[in-house]
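1. What follows is a predicted structure for the sequence shown.
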Amino acid sequence: MKKKVCILYTGGTIGMVLTQHGYAPKKNYFSHLLDEIDDLKSEDVPQWDVVEFDPLLDSSNMSVDHWVMIGREIESRYNEYDGFVVLHGTDTMSYTASALSFMLENLNKPVILTGSQIPLCQIRSDGRDNLISSMIIAAEGVVKEVCLFFAGNLLRGNRSTKISADELVAFSSPNYPPLAVAGIDIKYNYSALARPAHEGEFQLRELHQIPIGVLKFFPGIQFSLFEPIMTDKLRGIVLETFGAGNIPSDDNDLPLIIKKAFDKGSIVTVCSQCMQGTVKLGAYATSSPLKDAGAVSGYDMTTEAAVTKLYYLFSCDYTRDKIKELMETDLRGEMTGA
């Protein structure tokens, strides 16, 4: 029997048209584009249905509520399809892929996010190959996790990050190898694939709107400018630090703004600005104040994964200590620990 794949079209460049204000999504237009792709009628392509979101979004407008909407669509159709393809804008695709990896608990089917840098309506669009390859991967069922497919590479969703605004190779997985490479054949890297969890039935964990911040350090940063955001409402903060977790400080004192976050109970997670490598708190004197104050290490997590993991753990209603513990624990293949 032919496999069935559900395509969730959320918006993004792949289905956009040129308007007087630039490229923008157009309602009820994407299905017309798919009808013009003859290869989608091939016997080698799985059966497919399209669910078009309303409104369609440029991914810059994605929010926690939209992640929940995508999760609900997958949950409601989970038993009807062999796999899912989520068509999404590239700007925040890695955030959505990371969020879904945590939200879709006990996932045992492929969920593949993809899109394009050039709209399908353009002759040189990369969307056609991204879409068809994603559909085939979703139908084959070899991967049983949330992935991102782009430019011939299948990446773990929560390991991906966008690296280019204008190249067709738009995404990278700096600290984890591709799960598959699509050349003449689709070659899976079986040693890199996640083993499906068998802790229970599939379920959706909906995320809540949690006050979370991201602070990127730079030479000459004036911490006083950021102090107003450090209120008792800020539940979590991700620090994009230098190197292995280093921050600017005087005589190894913790900057007052970070101390204020700790004092008000925020979960402070330390990530690195470096594309590759891992955070090692305490390896250098300039990271020791963070370690001593109780910051958690994000190890080699991307910022996208760290932010969405915080959303997820807070939405599970864990205690502060439990959240700190789990932030340093690999839950979905998002990190390599100590």
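-> Structure received.
2. hey, let's count contacts and neighbours off CA atoms from now on
-> Noted.
3. so what strands line up beside the helix or strand encompassing Tyr23?
-> Taking DSSP states H and E as the criterion, the element that holds Tyr23 is strand 22-25. Neighbouring strands of strand 22-25 in its sheet, by DSSP bridges, are strand 16-19 (antiparallel).
4. Near Val86, how many other residues are there?
-> Val86 sits with 28 neighbouring residues when counted by other C-alpha atoms under 10 Å.
5. ok, now how distant is it from Asn130?
-> Using C-alpha to C-alpha, to the nearest Å, Val86 is found at 11 Å from Asn130.
6. Find residues that contact each of those two.
-> Shared contacts of Val86 and Asn130 (C-alpha atoms under 8 Å, 6 or more residues apart in numbering): Thr114.
7. Report the beta-bridge partner residues of Phe171.
-> Phe171 has these beta-bridge partners by DSSP bridges: Lys162.
8. which residues sit against stretch 182-200?
-> 106-108, 133, 143-145, 152-154, 177-181, 332-333.
9. Residues contacting whatever helix or strand Ser94 lives in, please?
-> Using DSSP H and E, Ser94 sits in helix 93-103. With contacts defined as C-alpha under 8 Å, 6+ apart, helix 93-103 is touched by 59, 67, 71, 113-114, 145-148, 157-162, 204-207, 304-305, 308-309, 312, 331-332.
10. Name only those of those residues that count as buried.
-> 59, 67, 71, 113-114, 145-148, 157-162, 204-207, 304-305, 308-309, 312, 332 (16 or more other C-alpha atoms under 10 Å).
11. which other helices and strands contact the helix or strand following the helix holding Ser94?
-> Beyond helix 93-103 on the C-terminal side, the first helix or strand identified by DSSP H and E is strand 104-105. If you count contacts as 3 or more C-alpha pairs under 8 Å, 6 or more residues apart in numbering; DSSP states H and E, strand 104-105 packs onto strand 203-204.
12. Next SSE downstream of the strand it packs on?
-> Under the assignment DSSP H and E, the closest C-terminal helix or strand after strand 203-204 is strand 212-216.
13. What are the buried residues along that following strand?
-> Result for strand 212-216 [16+ other C-alpha under 10 Å]: buried residues Ile212.
14. gap between the helix or strand where Cys6 lies and the chain center?
-> Under the criterion of DSSP H and E, Cys6 resides in strand 4-11. With C-alpha atoms, centre = their mean, to the nearest Å as the basis, strand 4-11 stands 17 Å off its chain's centre.
15. Just the ones in strands from the contacts of helix 93-103, please.
-> Cross-referencing the contacts of helix 93-103 against strands under DSSP state E gives 113-114, 146-148, 161-162, 204.
16. Could you work out the most separated pair of these?
-> Maximum pairwise distance among the ones in strands among the contacts of helix 93-103 (C-alpha to C-alpha): 25.8 Å, between Lys162 and Leu204.
17. And the strands in the stretch 201-338 of the chain, which stretches?
-> Using DSSP state E, counting those that start in this stretch, the strands of the stretch 201-338 of the chain run over residues 203-204, 212-216, 236-241, 267-272, 296-297.
18. so which of the ones you listed comes closest to Thr90?
-> strand 212-216 (20.2 Å).
19. how about the biggest strand by length in the chain: buried residues?
-> When the chain is parsed with DSSP E, its longest strand is strand 47-57. Of the residues in strand 47-57, 47-48, 52-53, 56-57 count as buried by neighbour count, 16+ other C-alpha under 10 Å.
20. before we move on, what SS does Val142 have?
-> coil (DSSP: H, G, I helix; E, B strand; the rest coil).
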